[in-house]
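S.K.: compute the structure for the input listed below.
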Amino acid sequence: MITVTIERGEDGRIRRFSVSGHAGYDVPGQDIVCAGVSAVTVGAVNAIEQLTGLVPKAKMRGGWLTAEAPQGGDPELESRAQLLLEGMLVSLQTIADEYGKYVQIQETIKHRRR
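M.R.: Sure, this is the predicted structure:
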């Protein structure tokens, strides 16, 4: 099963996401669920970089991706990056709605330490 974890800040903005596991829908190389999730998540990271100029901190290896939303820059560009991340989540939810046995999405809120 693929697990997608979305971490939001107290303000509701996506701060980080990770993807781990393999769907097991079909054999490797023919698994449309893995391919769809990979295309959506890697595409979101690439779109943020190409369309905003901001570079998310991202690491990827077989069956695993983690990325942090760019912060501390131009608020307008950060808002665009958030829109792309929310679009990614809509696409992932669409995949999970159809292939819920193979994809699980978890959302958490990261609270600031006071």
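S.K.: L83: neighbour count?
M.R.: By other Cβ atoms under 10 Å, 14 other residues sit near L83. Just so you know, the C-beta spots here come from the backbone N, C-alpha and C atoms, and that holds for glycine as well.
S.K.: now for the helix or strand hosting it, which elements pack on it?
M.R.: In the assignment (DSSP states H and E), L83 maps to helix 75-98. Judged by 3 or more Cβ pairs under 8 Å, 6 or more residues apart in numbering; DSSP states H and E, the packing partners of helix 75-98 are strand 2-9, strand 14-20, helix 32-52, strand 103-110.
S.K.: what would the ones you listed look like in JSON lines with mean neighbour count and mean pLDDT?
M.R.: As requested, the helices and strands packed on helix 75-98 are exported to JSON lines (neighbours: other Cβ atoms under 10 Å; pLDDT from 0 to 100):
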{"stretch": "strand 2-9", "mean neighbour count": "18", "mean pLDDT": "97"}
{"stretch": "strand 14-20", "mean neighbour count": "19", "mean pLDDT": "97"}
{"stretch": "helix 32-52", "mean neighbour count": "18", "mean pLDDT": "97"}
{"stretch": "strand 103-110", "mean neighbour count": "14", "mean pLDDT": "95"}
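S.K.: nearest to L84, of these?
M.R.: helix 32-52 (5.1 Å; Cβ to Cβ).
S.K.: hmm, back to that, closest to M88 out of the helices and strands packed on helix 75-98?
M.R.: Across those, closest to M88 is helix 32-52 (Cβ to Cβ), at 3.7 Å.
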